[in-house]
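[1] Dropping the sequence and predicted coords here.
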Amino acid sequence: MSVSSSMRVAFVIIILSFGLPFVFLFFLFEYLGIAEYVFPTLLPIIGFTFLLLIVIFGLVFGAIRWSTGKIGTVYSQQYSTYTTPKQKRYYLVPVQCPHCDREIELGRAEWRDNRTMICSRCFTDIQIQRS
């Protein structure tokens with residue numbers, strides 16, 4: 001499981017852990033007739049706690065990505081050789097995009113110039129080394 005997919009799972013868990021009890025409390029307080037007294041006090045507390053948890057999870061997952069070298073580095077990239085059909089030049093193309101960590105599909109990628117390719121997923125420029 002990659003960091004980005006585990007990050008999505010963590011955010012879904014946070015949203016469900018806050019969303020479902022909040023909906024339950026909403027219906028309970030409406031049933032008891034005290035919602036107009038409780039929610040003005042409860043909403044800022046729940047909102048701040050939710051925001052704080054998202055910031056903490058973002059920092060933790062950012063630290064994990066930074067420690068594994070996946071932020072702004074291409075050191076652990078694997079390269080494949082790609083030959084352009086027209087010029088018969090050989091290029092070292094990364095197997096994964098250094099920005100979104102998705103597999104690069106050479107058939108769908110667009111070339112900006114001879115040394116720059118555009119990722120088909122995140123649309124960022126990828127500098128290509130000529131071999």
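    Received it, and whenever you're ready, just let me know what you need.
[2] going forward, measure contacts between C-alpha atoms and count neighbours the same way
    OK.
[3] This structure: strands as residue ranges?
    Applying DSSP state E to the chain gives strands spanning 79-83, 90-94, 110-113, 116-118, 125-127, 129-130.
[4] Worst mean pLDDT among these?
    Least confident of the strands of the chain, judged by mean pLDDT, is strand 79-83 with a mean of 56.
[5] where along this structure do the helices fall?
    3-32, 35-67 (DSSP state H).
[6] out of the ones you listed, nearest to residue 123?
    Ranking those by proximity to residue 123 (C-alpha to C-alpha) places helix 3-32 first, at 17.7 Å.
[7] Mind giving me the packing neighbours of the closest one?
    Judged by 3 or more C-alpha pairs under 8 Å, 6 or more residues apart in numbering; DSSP states H and E, the packing partners of helix 3-32 are helix 35-67.
[8] Tell me the buried residues in the helix it packs on?
    The neighbour-count check on helix 35-67 (16 or more other C-alpha atoms under 10 Å) flags 35, 50, 54, 57, 61-62 as buried.
[9] same question, stretch 94-111
    Buried residues in stretch 94-111, defined by neighbour count with 16+ other C-alpha under 10 Å: 94-101, 104.
[10] These into a markdown table, with extra columns for distance to residue 8?
    What follows is the buried residues of stretch 94-111, written out as a markdown table (distance: C-alpha to C-alpha, whole Å):
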| residue | distance to residue 8 |
| --- | --- |
| 94 | 25 |
| 95 | 23 |
| 96 | 20 |
| 97 | 19 |
| 98 | 19 |
| 99 | 17 |
| 100 | 14 |
| 101 | 15 |
| 104 | 21 |
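[11] Alright, I will stop here.
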